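Student: Below is the structure, and that's it, no one-letter string:
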């Protein structure tokens, strides 16, 4: 918790263009205290948290890495409130790559980053993985719980924002589909280093991200919190892992009811096992 809070205080302060001295003055402490917070040497007094959150224009929950907003940060929050499943309930094809490469012949912990309505998380749980999942959309989390209950499996699901949440427990598999474009460019290296550090030796990351192409028009959805990725960018974060797949695809999509196309980079990377 201390490390998570330290990172978020630092990130939100930098985002506002404040120095440690300016933040210290705003909340009535010394700049040495702010430095200790950001280096995870101490925690802010609980009485300071409301003022600290107001100064950084965020919420106390977000400072600790959990999502709690009055505004929606994804255009799909409203879509997920409908009775049907916006993305359906069939698992993503990348799920089968996980099954093929690291089948659950022993207990394996899997994290689904940005689980949406839970179709992939529940698929993994049905196949014997110990699944943890998070998403920023309340409606998506509720649908994930409902889908897991219908399938009579357990998924440990919670609400968090990919920008703020960092791992503090190890997983064998990290999976994410259609979510990574919400990561701001300046946070990408830190986030992926965190995911890699908390992956067990021999573990697997199966990820994808939308990439910009000059020959493909922008999608019709207005995504105010999406950020551009470029070809090869995702793979560069895994230069020190074994890359089993770093291909690109172009596919047709009807998610908005308007025909359009996407380009997507896929990545399957395995963490080196130092014992082998």
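Tutor: Looks like it came in fine. Just so it is clear, the model here is predicted, and its values are computed rather than measured.
Student: quick one: strands adjacent to the longest strand along the chain?
Tutor: Longest strand in the chain by number of residues (criterion: DSSP state E): strand 199-211. Strand 199-211 pairs in its sheet with strand 171-176 (parallel), strand 260-270 (antiparallel), by DSSP bridges.
Student: what helices or strands is the next helix-or-strand element following it leaning on?
Tutor: Sequence order places helix 233-236 as the next helix or strand after strand 199-211, per DSSP states H and E. On a contact count with 3 or more C-beta pairs under 8 Å, 6 or more residues apart in numbering; DSSP states H and E, helix 233-236 meets strand 199-211, strand 260-270. In short, each C-beta sits where N, CA and C put it, glycine included.
Student: mean confidence for helix 233-236?
Tutor: Helix 233-236 shows a mean pLDDT of 98.
Student: same for the helix or strand that it is followed by, what does it pack against?
Tutor: Going down the chain from helix 233-236, the next helix or strand is strand 242-245, by DSSP H and E. Here strand 242-245 touches strand 260-270, going by 3+ C-beta pairs under 8 Å, 6+ apart.
Student: List the buried residues of the strand it packs on.
Tutor: Within strand 260-270, the residues scored as buried using 16 or more other C-beta atoms under 10 Å are 262-270.
Student: sorry, back to before: could you point out which of the strands paired with strand 199-211 sits nearest residue 141?
Tutor: Comparison of the strands paired with strand 199-211 against residue 141 by C-beta to C-beta identifies strand 171-176 as nearest, at 15.9 Å.
Student: Residue 36 and residue 44 touch, don't they?
Tutor: No. Taking contacts as C-beta atoms under 8 Å, residue 36 lies outside contact range of residue 44: 9.5 Å.
Student: quick one: which of the strands paired with strand 199-211 is nearest residue 245?
Tutor: strand 260-270 (4.1 Å).
Student: Now tell me what touches that closest one from outside.
Tutor: Residues outside strand 260-270 that contact it (C-beta atoms under 8 Å, 6 or more residues apart in numbering) are 94, 97, 101, 202-213, 216-217, 219-220, 229, 231-235, 238, 241-254.
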